[in-house]
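*Asks:* The following comprises the amino acid sequence and a computationally predicted model.
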Amino acid sequence: MLSQWPVPEPSDWVEQVNCPETEAELEALRRSAKRGSPFGGATWVTPRVPYGWSGRSGQQAGPASVAKNRTCQPANRTASPRRLSPRRLTQSQGLTDVPPEIEWFANIDNPRTRRAYEADIEDFSRFVGIKHPAEFRSVTRAHVIAWRKELEGRGLLAATIRRKLSALSSLFDHLCECNSVPHNVVDGVKRPSEGANEGKTPAIGDDQAKALLNSPDGNTLKGKRDRATLAVFLYHGLRCEELSRLTVRDLQDRRGVKHLRVHGKRDKIRFIPAHVTALERIAEYLEAAGHALDMAGPLFRRVKNSKGAAPRPLTGSALYACVLKKYTRQTGIDADGVCVHSLRATAATNALENKADIAKVQEWLGHSSISTTRLYDKRLSRPEDSPTFKVAY
């Protein structure tokens, strides 16, 4: 819904003025340039008169700087007279007419977050009957509570309901900043409990991880790639998208130690020291694949590409279907509930069990909050430590 609401096109925001063509016009510009006029060039654009301005005189009821918001560039005097293409103005009054609701949506960078938040806001809009962005300003806390009850009635997971409420809360936070609403109506609305002190992503055991690392065939190109891929997952705790975005250039030397430059969430970059086992497997894979010098190309690629097509990186679905699912079956690991993210949880759990500092693990995983890192801490749920095995009759 937000993406469908109209936003003014740049052509609606500015009034474009063509360049002068005749020698008389050019001579007039030369004279004005000597007098210090801002129009001393052959090409310029002029903003439309904003609200509160008095037309040609440039006198205004707003900032004086806007009256001078014209750009000019000198023309090539040696060229033959011809009509030059008009240039667009980057700042214009039309931008002030964009509703803050649209502004909030346009400011979300991550495409996945945009899709999820758009679906959540559309869901709420259908429930309340909102047809226009301005109607969000008449929403009350009672509307939000009723929507939450309706979501619970659908049988949605608690995490899904929390995300939907977070999307709506983010929108109203922005409306508060813009002074469009007096307060955030989502504040104070109770959200479903997480229900557990640890994440729901299952981690696999250490023996299972070893078997998974050694399951690909090291004599084929695909096997070498999958061995390196699994090593990067299990020794560095990367997210699926982070591994997909790795390029050959992201394998860098820092103070004499090989590091992986990882592009995390919200475009945050972190450097992780590369494990020696992962480095050996990456070197074997690059030697077999032959793209070690393609610095800008993806590190882990599809084995088969269309003829003449650019190399494509492994996607999340390919990593799950062609790597994880295949080798979990091959090693006899119960794949029910196991996903690519399970390898990240396994790496974090193993690091914490081997006395890694949880603050360092937080930085290693790229978490903004240490409470998120604690969800990966499975040390308190070790089966062998359960009182069940202490009972003796």
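*Replies:* In hand now; what should we look at? Numbering: from 1, shown residues only.
*Asks:* okay, and for the chain, where does confidence drop off?
*Replies:* Within the chain, the stretches falling below the threshold (pLDDT under 70) are 1-97, 194-199, 305-310, 335, 380.
*Asks:* how does it divide into domains?
*Replies:* Domain ranges of the chain: 10-96, 100-177, 206-378, per automatic domain parsing.
*Asks:* Is it possible to get JSON lines of those domains that adds mean neighbour count and distance to N184?
*Replies:* C-beta here means a position set from N, CA and C on the backbone, and glycine is covered the same way. Compiled in JSON lines, the domains of the chain are given as follows (neighbours: other C-beta atoms under 10 Å; distance: least, C-beta to C-beta, whole Å):
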{"stretch": "domain 10-96", "mean neighbour count": "13", "distance to N184": "24"}
{"stretch": "domain 100-177", "mean neighbour count": "16", "distance to N184": "4"}
{"stretch": "domain 206-378", "mean neighbour count": "17", "distance to N184": "20"}
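*Asks:* Throw these into a markdown table and include distance to A392, thanks.
*Replies:* Formatted as a markdown table, the domains of the chain follow (distance: least, C-beta to C-beta, whole Å):
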| stretch | distance to A392 |
| --- | --- |
| domain 10-96 | 75 |
| domain 100-177 | 38 |
| domain 206-378 | 26 |
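*Asks:* what's in contact with stretch 373-384?
*Replies:* Taking contacts as C-beta atoms under 8 Å, 6 or more residues apart in numbering, the residues outside stretch 373-384 that touch it are 197-199, 203, 344-345, 348-349, 352-353, 358, 361-362, 365, 367, 389.
*Asks:* What segments of the stretch 201-350 of the chain are helices?
*Replies:* Under the criterion DSSP state H, counting those that start in this stretch, the stretch 201-350 of the chain carries helices at the ranges 206-214, 221-236, 240-244, 276-289, 316-318, 325-331, 340-353.
*Asks:* What is the third one packed up against?
*Replies:* Just to be clear, that refers to helix 240-244. Packed against helix 240-244, as judged by 3 or more C-beta pairs under 8 Å, 6 or more residues apart in numbering; DSSP states H and E, are the following elements: helix 221-236, helix 316-318.
*Asks:* As TSV, these with distance to I272 would be great.
*Replies:* TSV is the format used below for these (distance: least, C-beta to C-beta, whole Å):
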stretch	distance to I272
helix 221-236	5
helix 316-318	20
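*Asks:* Which one of the ones you listed lies nearest to D187?
*Replies:* helix 316-318 (34.4 Å; C-beta to C-beta).
*Asks:* Now do that closest one: everything it contacts.
*Replies:* Judged by C-beta under 8 Å, 6+ apart, the contacts made with helix 316-318 from elsewhere in the structure are 240-241, 244, 302, 340.
*Asks:* State the helix or strand in which the closest residue to I358 other than its chain neighbours lies.
*Replies:* Closest residue to I358 in three dimensions, ignoring its sequence neighbours and counting by C-beta to C-beta, 6 or more residues apart in numbering: T373, at 6.0 Å. Using DSSP states H and E, T373 falls within helix 370-374.
*Asks:* Determine the set of other helices and strands touching whatever helix or strand H143 lives in.
*Replies:* Take DSSP H and E as the rule and H143 turns out to sit in helix 141-153. Identification of packing neighbours for helix 141-153 by 3+ C-beta pairs under 8 Å, 6+ apart yields helix 111-128, helix 158-177.
*Asks:* Tell me which of these lies nearest to A228.
*Replies:* Ranking the helices and strands packed on helix 141-153 by their distance to A228 (criterion: C-beta to C-beta) puts helix 111-128 first, at 25.9 Å.
*Asks:* what angle separates that closest one from helix 141-153?
*Replies:* Regarding helix 111-128 and helix 141-153, their directions subtend 110 degrees when assessed with axes from the mean of the first three to the mean of the last three C-alpha atoms, to 10 degrees.
*Asks:* Any chance you could list what contacts helix 111-128?
*Replies:* Residues outside helix 111-128 that contact it (C-beta under 8 Å, 6+ apart): 1-3, 105, 108, 130-131, 139, 143, 146-147, 150, 163-164, 167-168, 170-171.
*Asks:* ok, A146 to D187 distance?
*Replies:* Separation of A146 from D187 (C-beta to C-beta, to the nearest Å): 16 Å.
*Asks:* same question, K360
*Replies:* Remark: distance between K360 and D187 (C-beta to C-beta) = 34 Å.
*Asks:* one step back: out of the domains of the chain, which is closest to P192?
*Replies:* Closest approach to P192 among those is made by domain 100-177 (3.6 Å; C-beta to C-beta).
*Asks:* So what would you say the end-to-end distance of the closest one is?
*Replies:* 10 Å (C-alpha to C-alpha, to the nearest Å).
*Asks:* now swap in stretch 186-206 and tell me
*Replies:* Stretch 186-206 has its terminal residues 43 Å apart, counting by C-alpha to C-alpha.
*Asks:* same thing with stretch 175-187?
*Replies:* In stretch 175-187, first residue to last residue: 13 Å (C-alpha to C-alpha).
*Asks:* What are the buried residues along that stretch?
*Replies:* By neighbour count, and taking 16 or more other C-beta atoms under 10 Å as the criterion, the buried residues in stretch 175-187 are 175-176, 180-181, 184-186.
*Asks:* on that earlier part again, to L319, which of the helices and strands packed on helix 141-153 lies closest?
*Replies:* Short answer: helix 111-128, nearest of those by C-beta to C-beta, at 15.9 Å.
*Asks:* can you redo the contacts of helix 316-318 as JSON lines with distance to P216?
*Replies:* As requested, those are exported to JSON lines (distance: C-beta to C-beta, whole Å):
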{"residue": "C240", "distance to P216": "18"}
{"residue": "E241", "distance to P216": "22"}
{"residue": "S244", "distance to P216": "18"}
{"residue": "R302", "distance to P216": "16"}
{"residue": "V340", "distance to P216": "15"}
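*Asks:* Tell me the one of those nearest L230?
*Replies:* Of those, the one sitting nearest to L230 (C-beta to C-beta) turns out to be V340, at 10.3 Å.
*Asks:* Surely that closest one touches Y320?
*Replies:* Yes: between V340 and Y320 there is a contact under C-beta atoms under 8 Å: 5.4 Å.
*Asks:* I am finished for the moment; much appreciated.
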